[in-house]
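Asks: Could you look at this predicted model? Sequence included:
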Amino acid sequence: MGVSGKVLGAVASFVTRGGRKNLIFASINLLKNFSQFKSNTIMAILKVLEILSDSATSWEDAAKKGITKTSESVRNIRSAHVQNQSVTVKDGKVQMFRVNMKISFEVEG
């Protein structure tokens, strides 16, 4: 069990044993343990790219193509957030599905 699991377990046991007074002590202990956990944790640095990708098939395919293309030049992609979806129309028919995405990746170093 990690530090956060121990801390949550401690909070649960304090709360079940005696009400408000013990809840205050549990909160203090939670803050102490969190500061120790935080100081021992290595933090990652992430960068965010904003891309526009399109597909003749679907928005899902446009997102997959965007991530695939980005991964050719960027390593350690962690997540993608689709911000906007749109289509281009020609002669009254959907021509292309487009997605505007933010792609997060971890910086090595």
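Replies: Good, I have the coordinates.

Asks: Who are the packing partners of the helix or strand encompassing E50?
Replies: Using DSSP states H and E, E50 sits in strand 46-55. For strand 46-55, the elements it packs on are helix 59-70, strand 77-90, strand 93-106, judged by 3 or more Cβ pairs under 8 Å, 6 or more residues apart in numbering; DSSP states H and E. (Each C-beta comes from the backbone N, C-alpha and C, glycine too.)

Asks: Rebuild those as CSV, extending it with mean neighbour count, mean pLDDT and distance to I51.
Replies: Formatted as CSV, the helices and strands packed on strand 46-55 follow (neighbours: other Cβ atoms under 10 Å; pLDDT from 0 to 100; distance: least, Cβ to Cβ, whole Å):
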stretch, mean neighbour count, mean pLDDT, distance to I51
helix 59-70, 17, 96, 5
strand 77-90, 12, 96, 9
strand 93-106, 16, 96, 6
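
Asks: Which one, of those, ends up nearest to I45?
Replies: Of all the helices and strands packed on strand 46-55, strand 93-106 sits nearest to I45, with 7.0 Å by Cβ to Cβ.

Asks: Remind me what the closest one packs against, helices and strands.
Replies: For strand 93-106, the elements it packs on are strand 46-55, helix 59-70, strand 77-90, judged by 3+ Cβ pairs under 8 Å, 6+ apart.

Asks: Residues touching that strand, excluding its own?
Replies: 44-59, 61-63, 66-67, 70, 74-89 (Cβ atoms under 8 Å, 6 or more residues apart in numbering).

Asks: Tell me the strands beside it, with direction?
Replies: Sheet pairing here is set by DSSP bridges, and for strand 93-106 it gives strand 46-55 (antiparallel), strand 77-90 (antiparallel).

Asks: what would those strands look like in JSON lines with distance to I103?
Replies: Below are the strands paired with strand 93-106 laid out as JSON lines (distance: least, Cβ to Cβ, whole Å):
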{"stretch": "strand 46-55", "distance to I103": "5"}
{"stretch": "strand 77-90", "distance to I103": "5"}
